[in-house]
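# following is a predicted model, sequence given first.
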Amino acid sequence: MKGTSKKSSVRTWIVEDNDMYRQTVAESFEGHPQISLSQNFPNCEELFDFIESGTENPPDVLLMDIGLPGMSGIEGVKQLKEARPGIQIIMFTVYQDNDRIFRALCNGASGYLLKNSTAEEIEKAIFDAVEGAAPINPQIAKKVLEMFFTVQPPANDYGLTSREKEILELLVEGFSKKKIAGQLYVSFHTVDSHIKNIYTKLQVNSGNEAVAKALREGLI
């Protein structure tokens with residue numbers, strides 16, 4: 001994997017019931033200069049027990065399998081986001097069906113990757129998540145767009161301006177704040193100000209919540 005210009009290490013954990021796959025991902029990031037994949041768990045129950053023990057600070061990013069034994073990854077995302085809203089959770093799965101995609105995103109997942117993703121794609125998704133983007137595999141993004149076109153526009157558009165809708169659309173496409181600024185030829189501060197206004201109008205607290213609401217209600 002190529003090095004990046006990120007200044008601090010991104011604490012990353014993984015929850016995956018397939019021992020071999022979980023170990024393969026963990027080994028892929030051994031010695032990585034900006035990503036510390038320090039903990040891995042076979043299920044949500046062990047993850048929650050470890051967090052409650054206070055042995056280690058919670059991660060910045062969590063890679064979570066969706067098809068876990070016991071508590072599902074979808075339910076795990078919901079409970080974890082309620083308890084630790086600051087953790088960015090990327091769903092890590094072989095599934096591509098519409099229901100799982102929407103349920104994961106609506107429960108607070110920051111992104112959605114397929115298990116055939118390369119180490120470089122996982123690396124990019126981790127950095128995108130901590131920068132406020134919503135990393136989504138291209139195949140998943142296509143499905144999300146297909147679902148979007150089946151949603152009828154709501155009566156209330158929340159008073160979003162044309163520029164706010166443009167920025168919201170870029171958030172849905174997975175752009176970080178920095179990339180949005182470059183795309184629209186405006187400053188990072190301007191983009192950050194618009195996104196704060198979007199959060200206020202949509203009554204959400206994060207980028208992934210804004211993306212989920214935009215997709216669910218067909219706001220763009």
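Right, received. Where do you want to start?
# quick one: low-confidence parts of the protein?
Judged by pLDDT under 70, the chain has its weakly predicted residues at 1-8, 95-98, 137-156.
# okay, helices next: where are they in it?
For the chain, the helices defined by DSSP state H occupy 19-28, 44-53, 73-83, 98-106, 119-130, 138-148, 162-172, 177-184, 188-202, 207-217.
# closest one to residue 112 among those?
Set against residue 112 and scored by CB to CB, these come closest in helix 138-148, at 4.9 Å. Glycine gets a C-beta too; all of them are placed from N, C-alpha and C.
# mind pulling up the phi and psi values for the residue positioned nearest the centre of the chain?
What sits nearest the mean C-alpha location of the chain, by CA atoms, centre = their mean, is residue 110, with 1.7 Å. Backbone torsions of residue 110, given as degrees, to the nearest 10, read phi -80, psi -20.
# from what I can see residue 164 touches residue 198, true?
Yes - with contact defined as CB atoms under 8 Å, residue 164 reaches residue 198; the gap is 5.2 Å.
# neighbour count: those two, which is higher?
It is residue 198, of residue 164 and residue 198, that has more neighbours when counted by other CB atoms under 10 Å, with 24 against 20.
# I'd say residue 103 and residue 74 touch.
Yes - using CB under 8 Å, residue 103 is in contact with residue 74, at 5.0 Å.
# neighbour count: these two, which is higher?
More neighbours surround residue 74 than the other of residue 103 and residue 74, with 22 against 19 (other CB under 10 Å).
# spit out the contact partners of the more buried one.
For residue 74, the contact set (CB atoms under 8 Å, 6 or more residues apart in numbering) comprises 66, 100, 103-104, 107.
# the same query, at a cut-off of 6 Å, please.
103-104, 107 (CB atoms under 6 Å, 6 or more residues apart in numbering).
# and of the residues you listed, the nearest to residue 211?
residue 104 (11.7 Å).
# run a quick neighbour tally on the closest residue in space to residue 30 that isn't next to it in sequence.
Computed as CB to CB, 6 or more residues apart in numbering, the closest residue to residue 30 that is not its neighbour in sequence is residue 37, at 7.8 Å. Using other CB under 10 Å, residue 37 is surrounded by 22 other residues.
# now residue 37: how far from residue 93?
Residue 37 sits 18 Å away from residue 93, going by CB to CB, to the nearest Å.
# now residue 128
Residue 128 is 18 Å from residue 93, where distance means CB to CB.
# what's the answer for residue 132, then?
22 Å.
# go on, residue 115?
In terms of CB to CB, residue 115 sits 6 Å off from residue 93.
# looking at these two, which one has more neighbours?
residue 93 (22 against 16).
# from residue 127, how far out is the closest residue to that one other than its chain neighbours?
Leaving aside its sequence neighbours, residue 93 sits nearest to residue 66 (CB to CB, 6+ apart; 4.0 Å). According to CB to CB, residue 66 and residue 127 sit 22 Å apart.
# now do residue 120
Taking CB to CB, one finds residue 120 at 11 Å from residue 127.
# so for these two, which sits in the more crowded spot?
Between residue 120 and residue 127, counted using other CB under 10 Å, the more crowded position is residue 127 (19 against 11).
# what's the neighbour count on the closest residue to residue 115 other than its chain neighbours?
Leaving aside its sequence neighbours, residue 115 sits nearest to residue 94 (CB to CB, 6+ apart; 5.1 Å). Residue 94 has 10 neighbours, counted by other CB under 10 Å.
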